[in-house]
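**Student:** I'll drop the sequence and a predicted model, then ask my questions.
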Amino acid sequence: MKARSLSHVGVTVTDFENAVRWYHDTFGCYLISELHLDKEQVEGLYELYGLKDTSIRIGFLRFPKGGVIEIFEFSPTLEKSKVKWNQPGYTHVALDVKNVNKVYQCLKAKGVQFYSEPQKNNGSDWVFLKDPDGNLIEIMDLKFNYHAIRLLGGIVGRVMKHGSFKKYYRLKE
């Protein structure tokens, strides 16, 4: 079985309307779907959410050139805890942009909070920021690698499976 692509990323927010506005104003996202799970529906999905006496508002925000972020507003909401990078689990979502320095300056002028100045390594520029709820977002310019990964990534991956990355796969004899 093979997945076609990454479909979306989910993130919990404290204020649905504020999150929709922020993702629209910051990255040009549009809300394309909204649904509400009442307490009974959430309890019916206890194995998934592990919650009782909770309702959920869910929205799908589409980025201008594709990609979707799913936002969840739980009622009630727990206080956010800091991401622990050395603990298994998801840590952040990365967005592809052109010219990280320009985007950084533009968003910083709008009051977006960053964790550092833009960084460079392996031919790419990147920097981390946080949304209004402190969720980590990386903006990254892969530069030449963007086209290489987009056009040749699948081929390169299959070639590397039999080369440098062979140890990570169980290859048939």
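**Tutor:** Yep, that arrived.

**Student:** contacts made by the helix or strand of the chain with the lowest mean pLDDT with the rest, please.
**Tutor:** Scoring the helices and strands of the chain by mean pLDDT, DSSP states H and E places helix 144-161 at the bottom, with a mean of 84. Outside helix 144-161, the residues within contact range by CB atoms under 8 Å, 6 or more residues apart in numbering are 96, 122-124, 142, 168-169, 171. For glycine as for every other residue, the C-beta is placed from the backbone atoms N, C-alpha and C.

**Student:** tell me the secondary structure at residue 129.
**Tutor:** strand (DSSP: H, G, I helix; E, B strand; the rest coil).

**Student:** my understanding was that it contacts residue 110; is that so?
**Tutor:** No - with contacts counted by CB atoms under 8 Å, residue 129 stays clear of residue 110, the gap being 10.7 Å.

**Student:** just give me the residue closest to the centre of this protein.
**Tutor:** A centroid search over the chain (CA atoms, centre = their mean) returns residue 93, at 2.7 Å, as the residue closest to the centre.

**Student:** bridge partners for that one, pull those for me.
**Tutor:** Residue 93 has these beta-bridge partners by DSSP bridges: residue 137.

**Student:** tell me the contacts of it?
**Tutor:** Listed by CB under 8 Å, 6+ apart, the contact partners of residue 93 are 9, 11, 69, 135-138.
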